[in-house]
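1. quick one, what's the 3D model for this:
(one chain, ligands or ions: 1)
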Amino acid sequence: MLTSAFPTVDLCHKPTPLERLDNLSGDFQTNIWIKRDDCTGLAFGGNKTRQLEYYIGHAKSLGADTLLTTGAIQSNQVRMTVAAARKMDMEVEVQLEHRVDRDQVEYHESGNPFLVKLMGAKIHYYAAGEDEDGADQVLFERAEVLKSEGRKPYVIALSNAGSPYGALGYVEAAEEILLQLKTIKIIPARFVLPTGSASTHAGLLLGLRASGCNIPVDGICVRRDRQRQQQRVLTKIQSAAKLMNCEIDIRLDDILCDDRFLAPGYGILNAPALAAIKLMAKREGILLDPTYSGKAFAALIDCIENGNYGMEDHLVFLHTGGAPSLFGYPELVAE
Ligand SMILES: Cc1ncc(COP(=O)(O)O)c(C=O)c1O
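-> Below you'll find the predicted structure:
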């Protein structure tokens, strides 16, 4: 395994299933596969479980006893960090940012923030809007206070200056997927996934390319425009490759980012995502989310509708989870 030199903790149900979506494949007359990383375990699952195995492995190797992280009110990262801390018997403090302009009480009280409270994390609030560096800065300041009190904090920062340990979880996932594809004997035309902090996209791309696989990976932007996201993924790949001592050269033109499904912005539902969420729920009984997987699946549908895919083709959607946040968007079922 490419990442076997790194310490990890055991949080994830692996391998997650790689399944064919039979109903939607029939509807669209092509083969749509779904990698069920919404089923990674740990308090409703999602992509962060794989990342946390490496973050916490690193944290434990440094003797840390407390995790800190930051995210939007409906952050899955925050929910899963709290769950992982609980499983590892660690203390945990989280910061919820006012990143998305939504007043609905459900957004602030249901879904992820509800679960975070249920698992008993200490919660701080960050009142400024979209401000990644500012939010991280406050987290590091809080870590200093904890240190002065004798605790050993470990910060999982979200800005790109943050460590690349999370990406290692998806380098490992790439190897897992390649093995599954070999077993079922298919070579997909492309992978599609949401791309945000970039750990998932960077890790998967690095893992595939380092394993000699050149299948395109479409990253669907959920937080920033295409150019900025591409650069971010590149930086993350470079820092993860350096950490792994891996000499691979991944160029900017191999980092595919599509921002057509981002508007009006992070955490705000749009018509294609709404349609994609409903379609997946009604045709497959699988739950997507408004911020990440809904937008990414909308892009996959667009790709099929505008591409030249037929019954001999295979597309793989990486379902990164996020369904708890559905409860923060009651308009999804408004008539
Ligand atoms: C459900 C879900 N999907 C995708 C992503 C994006 O993953 P990454 O931050 O590794 O780019 C996130 C990040 O929070 C997420 O919660």
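2. K185 and H314: what is the separation?
-> The spacing between K185 and H314, counted by CB to CB, to the nearest Å, is 10 Å. C-betas here are computed from N, CA, C, even on glycine.
3. the two: which has the busier surroundings?
-> When neighbours are counted by other CB atoms under 10 Å, H314 comes out ahead of the other of K185 and H314, with 20 against 6.
4. can you tell me how far that one sits from the ligand?
-> According to CB to the nearest ligand atom, to the nearest Å, H314 and the ligand sit 22 Å apart.
5. what does the stretch 1-150 of the chain have sitting close to the ligand?
-> 46-47, 76-77 (CB under 6 Å from any ligand atom).
6. hmm, try it at 8 Å
-> 38, 46-48, 51, 71, 75-77 (CB under 8 Å from any ligand atom).
7. show the contacting residues for the most centrally placed residue in the chain.
-> Nearest to the geometric centre of the chain sits N47, at 4.6 Å (CA atoms, centre = their mean). By CB atoms under 8 Å, 6 or more residues apart in numbering, N47 lies in contact with 37, 40, 169-170, 200, 318, 320-321.
8. can you flag the buried ones in those residues?
-> Neighbour-count burial (16 or more other CB atoms under 10 Å) is assigned, among the contacts of N47, to 37, 40, 169-170, 200, 318, 320-321.
9. could those go into a markdown table alongside secondary structure and pLDDT?
-> Formatted as a markdown table, these follow (DSSP: H, G, I helix; E, B strand; the rest coil; pLDDT from 0 to 100):
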| residue | secondary structure | pLDDT |
| --- | --- | --- |
| D37 | helix | 98 |
| T40 | coil | 98 |
| G169 | helix | 98 |
| Y170 | helix | 98 |
| T200 | helix | 98 |
| L318 | strand | 99 |
| T320 | coil | 98 |
| G321 | coil | 98 |
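10. nearest to R102 among those?
-> G321 (20.2 Å; CB to CB).
11. can you count the residues close to the residue nearest to the closest one when sequence neighbours are not counted?
-> In this structure, G321 finds its nearest non-sequential neighbour in G46, 2.4 Å apart by CB to CB, 6 or more residues apart in numbering. Per other CB under 10 Å, the neighbour tally for G46 reads 27.
12. what helix or strand does G46 sit in?
-> Assigned by DSSP states H and E, G46 belongs to no helix or strand.
13. around F317, how many other residues sit close by?
-> Count around F317 with other CB under 10 Å applied: 27.
14. so it sits in a strand?
-> Yes - counting by DSSP: H, G, I helix; E, B strand; the rest coil, F317 is located in a strand.
15. beta-bridge partners for it, please?
-> Note on F317: beta-bridge partners by DSSP bridges are I34, V192.
16. residues contacting it?
-> Contacts of F317 (CB under 8 Å, 6+ apart): 32-35, 191-193, 296-297, 300.
17. let's see that with 10 Å instead.
-> F317 makes contact with 21, 24, 32-36, 188, 190-193, 218, 280, 286, 288, 293, 296-297, 299-301, according to CB atoms under 10 Å, 6 or more residues apart in numbering.
18. was I right about D22 contacting I286?
-> No - judged on CB atoms under 10 Å, D22 makes no contact with I286 at a distance of 11.9 Å.
19. more crowded one of the two?
-> I286 (20 against 12).
20. for the ligand, see how far away the spatially closest residue to the more buried one that is not a sequence neighbour is.
-> In this structure, I286 finds its nearest non-sequential neighbour in M280, 5.2 Å apart by CB to CB, 6+ apart. Noted for M280: a distance of 14 Å to the ligand, by CB to the nearest ligand atom.
21. surely M280 touches L274?
-> No - M280 is not in contact with L274 according to CB under 10 Å; the separation is 11.3 Å.
22. read off the pLDDT value for E335.
-> According to the prediction, E335 has pLDDT 69.
23. next one: N308
-> For N308, the model assigns a pLDDT of 87.
24. for it, list the residues it contacts.
-> Contacts of N308 (CB under 10 Å, 6+ apart): 30, 189.
25. how close does it get to L332?
-> N308 is 32 Å from L332, where distance means CB to CB.
26. before we move on, back to that, for the contacts of N47, which one is nearest T3?
-> For the contacts of N47, the nearest to T3 is G169 (8.2 Å; CB to CB).
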